[in-house]
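S.K.: How does the following fold in three dimensions:
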Amino acid sequence: MLDSNIVAVSLPAIARDMHAAFSDIEWVVSAYVLSFAAMLLPAGSLADGLGRRRILLIGLATFTVASLLCGIAQSPATLNWSRALQGIGAALQLSAALGLLGHTFTGPERGRAFAFWGVVVGAAVAIGPVLGGVITSTVGWRWAFLVNVPIGAGLIALGATSLDESRDPNAQHLDFPGIVLFAIGLFCLVWGAIEANTVGWHSNPTCIRFCVGAALIALFVVVERVRVAPMIDLALFGRSTYLGSTFAMFGYAFAGQVMMTLLPFYLQSAHGLSPVMAGLAMMPFAIPLVFSPRLTAPLARHWTGRAILTLGLIVIGSGDILSAAALAWSGRYVMVALGMAVAGAGTGLLNGETTKVLIGAVPPERAGMAGGLTGTTRFVGIVAGISALGAVLAAGTEHHVASGLRALGAQWTPSDVHAFALRAAAGTVTPASGAASASGTFESLARASFTGGFVWLLLVAGAVALVSAGLTYRYVRADETRPHHP
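M.R.: Numbers count the residues shown, from 1 in each chain. Next comes the predicted model:
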């Protein structure tokens, strides 16, 4: 979590330094999250079968080496492939870590353990933007990755000396057909959504990618239903509470957690803030992430899991919509910060609760699979958020660019408008861009159009959170998520 939020503040600097397109910048995040989401379930199976401590240490080592490769990358392609390797290492360590927690703690202790886990996640999220801004502004964006090398070495030493090994004695062999179908299918869907902003949503490549991805995911479901030892026990989705908590996790990731990547990008591209100032400007969102999880444990003693999940999603949706209204009305940072604080409070409230409810729906002996399922749902939501909300941002920015050019009386071809809008969405329109750069007309148009696109993005995110709240309340059973009173 610390790493992903350090990188979020560095995205504009990476785009300028590598002359990267908007799709390249999306892939800096999505390559990491995609490999993360695709590998979480097999990582959980590996942890159950080979030992959770062992897989945790292997994941830390992979993540550390990949961070070094990211830091020395000389092209967007090399950086994004290294980010994908980072995601694999992160998946191994997260599944094993959640498996260790789920195996070690039961009953009321499990609730406290995951509440503390949520506080740790919130602290990492809060520190990330500021630390990323300081690093990017002083020693350069590459050190946002290289800083992981000594941290990783220290964590490997700590894990090797402080953790006990645990595994599932009944663990099955890896489901290789399921792994391949799920990973490639998810990749094709995300590939189609991200590249559609460049090649067009109705183009043949986009349609082919979506069709292939959907077909592979459908085939994955069929294969999992007939296998004796599937990677995912699809019968879980027949349980109302598990299905409802999956909706909650997806909405939390899509509309809340993904803002830690998108908001720093907005603050730098639309307000022209430096990385340090953008990190500090994220504090209204980040600080509630640290403190609102502390409310979860007291609430959990009296409220059902359904009530907490529904409340958190409503707060996230309200914060996103409030931020959109503030942007559309005045664009002043003070007003936007209020919406950010509300959304951050809702996101922090769900940090540990979503994980606790999902893992509670899975038998304790499959703690590794439970960790994989939980993380997969979370990061599929983040992948979907980056892809879908990135598409909304690009479309909204292009709409406002076209409107602004018409108001100026400029006669641009659709392809020129599209190219300019993508540069505006990537934050790479500078005073040196274009013939009218001396007056700053195009730069002002780019920033105003980006802000307009971001309003669209926030409205869609808020709507997804509120719909998820409704589905969560509908499906999560109150009697199955009542507080434990020993």
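
S.K.: contacts for stretch 182-197?
M.R.: 22-23, 26-27, 30, 34, 37-39, 41, 203, 205-206, 209-210, 212-217, 219-220, 231, 380, 383, 387-388, 390-391, 394-395, 422, 425 (Cβ atoms under 8 Å, 6 or more residues apart in numbering). All C-beta spots, glycine's among them, are computed from the backbone N, C-alpha and C.

S.K.: elements contacting whichever helix in the chain runs longest?
M.R.: In the chain, ranked by residue count with DSSP state H as the criterion, the top helix is helix 367-408. Counting contacts by 3 or more Cβ pairs under 8 Å, 6 or more residues apart in numbering; DSSP states H and E, helix 367-408 is packed against helix 22-50, helix 76-104, helix 176-199, helix 240-252, helix 259-271, helix 353-360, helix 414-426, helix 441-475.

S.K.: Sort out which residues of the fifth one are buried, please.
M.R.: With burial defined by 16 or more other Cβ atoms under 10 Å, the residues of helix 259-271 counted as buried are M259, M260, T261, L262, L263, P264, F265, Y266, L267, Q268, S269, A270.

S.K.: which residues sit in contact with the closest residue to T472 other than its chain neighbours?
M.R.: Sequence neighbours aside, A248 is the residue nearest to T472 in space, at 4.3 Å (criterion: Cβ to Cβ, 6 or more residues apart in numbering). Counting by Cβ under 8 Å, 6+ apart, A248 touches L309, T310, G312, L313, L350, T354, V357, S468, T472, V476.

S.K.: okay, the angle between the helix or strand of the chain with the lowest mean pLDDT and helix 353-360?
M.R.: Averaged element by element with mean pLDDT, DSSP states H and E, the chain has its least confident helix or strand at helix 293-300 (a mean of 75). Counting by axes from the mean of the first three to the mean of the last three Cα atoms, to 10 degrees, helix 293-300 points 50 degrees away from the direction of helix 353-360.

S.K.: contacting residues around helix 293-300?
M.R.: In contact with helix 293-300 (Cβ under 8 Å, 6+ apart) are residues 111-112, 115, 118-119, 121-122, 308, 348-349, 351-353, 483.

S.K.: got it, and stretch 160-178?
M.R.: Residues outside stretch 160-178 that contact it (Cβ under 8 Å, 6+ apart) are 41-42, 45-54, 56-57, 99-100, 103-104, 220, 223-224, 227-232, 365-368.

S.K.: ok, back up a step: now, of the contacts of helix 293-300, which are buried?
M.R.: By 16+ other Cβ under 10 Å, these give 111-112, 115, 118-119, 121-122, 308, 348-349, 351-353 as buried.

S.K.: Show the contacting residues for D320.
M.R.: If you count contacts by Cβ under 8 Å, 6+ apart, D320 has them with A255, M259, G339, A343, L458, L459, A461, G462, A465.

S.K.: do that again at 6 Å, thanks
M.R.: By Cβ atoms under 6 Å, 6 or more residues apart in numbering, the residues touching D320 are A255, A343, L458, A461, G462.
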